[in-house]
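J.: pasting a predicted model and its sequence here:
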Amino acid sequence: MSTSHPATHSRFISGPITPTLALFALPLLMTNLLHSLAGTWGAIWVGQVLGANALTAVATANVVMMMVMGAAMGIGTAAAVAIGQSLGAGDQQAVKRVVGGAVIFVIGFSLIVTVAGWLLTPALVDWMDTPAPARDFAVTHLRYTCLTMPSIFTYLVMMMMLRGCGDARTPFKFTLLWISLSVLLGPMLLQGSFGLPKLGIAGLGVANLLGNSVALAALVVYIYAKRSPIALHGSDIRHLRPDPVLLGLLARRGVPMAMETLVVQGSYFALLTLVNSYGAATAAAYSGAAQLWVYVQMPSNALSTSMSAMAAMNIGAARWSRVEKIAVRGCLISVLISTVATAAIYALGDAPLRLFIPDGGAVLDKAWHINTHALWGWIALSVSMGLFGIMRANGAMLAPMLIFGATMWGLRVPFAMLLRPLLGEDAIWWSFPFGSICSAVIACAYYRWGGWRRQSLMLVAAASPVDALVVE
């Protein structure tokens with residue numbers, strides 16, 4: 001029995017669009033919610049037990065983690081698109097080739113990044129101008145975060161490939177296992193409960209590593225037991241040997257996605273450096289405020305992935321009229337959910353922020369002030385992410401990266417830097433909605449008039465792996 005039944009492919013290609021998209025997106029949304037709640041849970045414990053300065057370390061590690069995660073997500077996105085197109089075209093062997101190439105790449109890459117990250121962490125933390133009271137926390141937390149990269153990156157790429165097969169439920173099930181273990185072990189290792197070692201902020205990284213490793217091992221067993229399309233059997237194992245042509249194709253399509261993550265997170269890196277320059281209180285307030293942003297961004301990420309998977313199969317089946325409908329309906333759903341999430345957070349006042357900043361005072365007031373300026377702007381991200389998901393479904397990875405590069409580095413960061421003499425700290429907070437709205441406007445224009453529809457399919461049905469590759 002396969003975890004990706006042909007009926008799923010049929011629904012994606014010929015079923016009702018809105019219900020199919022919503023049902024596929026729901027497990028993705030729940031998966032993202034689990035990740036967000038786990039991050040929130042860890043941040044709450046850090047803030048409550050270790051204080052606001054340790055919370056700054058969490059924000060620092062998150063930015064760096066997302067920057068280096070871009071390469072793994074780039075390969076995962078390219079692999080998911082190639083798998084979706086191949087399934088739409090009925091080419092099962094192409095799927096196996098993609099799986100082997102993606103897995104061998106992400107394992108090798110993550111090991112290199114782990115070693116480099118551990119060694120370079122102190123210099124990186126100093127480069128970010130991290131406030132002195134938070135420095136030791138930041139170094140420790142970032143180093144232990146680096147140790148989680150091999151298992152987490154491999155797990156994420158496998159999740160993305162499963163979604164490319166139209167299977168969103170399996171990722172949710174095993175992410176639930178991962179997050180449950182991390183949430184349970186994190187506070188225990190942080191405090192040394194029940195006879196476990198007291199690891200302080202390092203406990204969060206160790207808990208995440210243990211939880212993810214168990215989930216990854218269980219997932220591998222599951223996909224073989226269920227004979228998933230991404231399981232390699234018998235002669236399929238040969239695809240784990242590096243294929244330069246296939247890896248070259250995945251890299252050409254994946255590098256822009258990786259660069260996009262570096263561009264976006266790099267802009268956060270630059271702005272975080274500006275934030276840190278205002279001192280420990282502002283850095284802690286920003287870290288607390290940013291914990292709530294993920295709940296507005298989360299729907300757009302889930303819908304974008306769903307739209308991309310669904311559109312890729314329809315592009316592989318040459319059903320372009322459905323692709324246009326997926327784009328419009330997906331963006332509308334995403335905007336609606338993000339708007340509701342934003343309104344709910346505002347309605348709760350400063351109560352959510354008190355979870356991270358229990359001492360209240362000036363830090364809490366500043367965090368609320370930041371969110372009055374920045375939180376609502378993430379609604380516009382729903383449009384950008386949705387349209388970029390559709391473009392990536394046809395292998396158009398470069399345009400989203402260039403648009404984000406132009407709006408983040410050409411508009412958002414200069415906005416914050418140039419207006420600081422006039423607006424002070426508020427220039428940083430206003431730069432977030434400014435950049436998001438600009439990205440949405442340009443994304444709409446490129447979706448309407450750009451050349452992304454003219455991309456060739458990533459893989460074509462052919463007997464030879466080399467012959468099967470479309471070289472751009």
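T.: Sure thing, it's come through.
J.: measure Gln297 to Pro352 for me?
T.: When distance is defined by CB to CB, to the nearest Å, Gln297 is 15 Å away from Pro352. Heads up, the C-betas are built off the backbone N, CA and C, glycines and all.
J.: ugh, wrong one, I meant Gly15
T.: As for Gly15, its distance to Pro352 is 38 Å (criterion: CB to CB).
J.: the two - which one has more neighbours?
T.: When Gly15 and Pro352 are compared for neighbours, Pro352 comes out ahead with 19 against 16, by other CB atoms under 10 Å.
J.: what's the closest non-adjacent residue to the more buried one?
T.: In this structure, Pro352 finds its nearest non-sequential neighbour in Leu292, 5.8 Å apart by CB to CB, 6 or more residues apart in numbering.
J.: contact partners for that neighbour?
T.: Each residue near Leu292 by CB atoms under 8 Å, 6 or more residues apart in numbering is listed here: Ile345, Pro352, Leu353, Asn371, Leu375.
J.: may I ask which helix or strand encompasses it?
T.: Mapping Leu292 onto the secondary structure by DSSP states H and E places it in helix 280-316.
J.: model confidence for the residue nearest to Pro352, exactly?
T.: In the predicted model, Leu292 carries a pLDDT score of 88.
J.: any idea how far it lies from Ile370?
T.: Note on Leu292: its distance to Ile370, by CB to CB, is 10 Å.
J.: likewise for Gly279?
T.: As judged by CB to CB, Gly279 and Ile370 stand 14 Å apart.
J.: likewise for Ala312?
T.: Relative to Ile370, Ala312 is positioned 38 Å away (CB to CB).
J.: so which of those two has more stuff around it?
T.: A direct count of neighbours by other CB under 10 Å for Ala312 and Ile370 places Ala312 higher, at 31 against 25.
J.: and the residue nearest to Pro352, how close does it get to Leu29?
T.: The separation that Leu292 has from Leu29, given CB to CB, amounts to 17 Å.
J.: again, but for Met73
T.: Plainly put, Met73 is 18 Å away from Leu29 if you go by CB to CB.
J.: give me the buried subset of the contacts of Leu292.
T.: By the neighbour-count criterion of 16 or more other CB atoms under 10 Å, the contacts of Leu292 include these buried positions: Ile345, Pro352, Leu353, Asn371, Leu375.
J.: can you put those in JSON lines and add secondary structure, distance to Trp45 and pLDDT?
T.: Formatted as JSON lines, the buried ones among the contacts of Leu292 follow (DSSP: H, G, I helix; E, B strand; the rest coil; distance: CB to CB, whole Å; pLDDT from 0 to 100):
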{"residue": "Ile345", "secondary structure": "helix", "distance to Trp45": "21", "pLDDT": "92"}
{"residue": "Pro352", "secondary structure": "helix", "distance to Trp45": "15", "pLDDT": "87"}
{"residue": "Leu353", "secondary structure": "helix", "distance to Trp45": "16", "pLDDT": "87"}
{"residue": "Asn371", "secondary structure": "helix", "distance to Trp45": "22", "pLDDT": "93"}
{"residue": "Leu375", "secondary structure": "helix", "distance to Trp45": "23", "pLDDT": "92"}
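J.: for these, give me JSON lines that also has distance to Ala251.
T.: Below are the buried ones among the contacts of Leu292 laid out as JSON lines (distance: CB to CB, whole Å):
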{"residue": "Ile345", "distance to Ala251": "39"}
{"residue": "Pro352", "distance to Ala251": "41"}
{"residue": "Leu353", "distance to Ala251": "42"}
{"residue": "Asn371", "distance to Ala251": "39"}
{"residue": "Leu375", "distance to Ala251": "36"}
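J.: quick one, strands of the stretch 251-400 of the chain?
T.: Along the stretch 251-400 of the chain, no stretch is classed among the strands by DSSP state E, counting those that start in this stretch.
J.: where does it dip in pLDDT?
T.: Counting by pLDDT under 70, not a single residue of the stretch 251-400 of the chain qualifies.
J.: pLDDT score for Val81?
T.: At Val81, the predicted lDDT confidence score is 75.
J.: burial of Gly349, as a residue count?
T.: Each residue near Gly349 was counted by other CB under 10 Å, and the total is 10.
J.: how close does the residue nearest to it when sequence neighbours are not counted sit to Asp359?
T.: Once flanking residues are discounted, Gly349 sits nearest to Trp368: 7.7 Å by CB to CB, 6+ apart. Applying CB to CB, the value for Trp368 to Asp359 is 14 Å.
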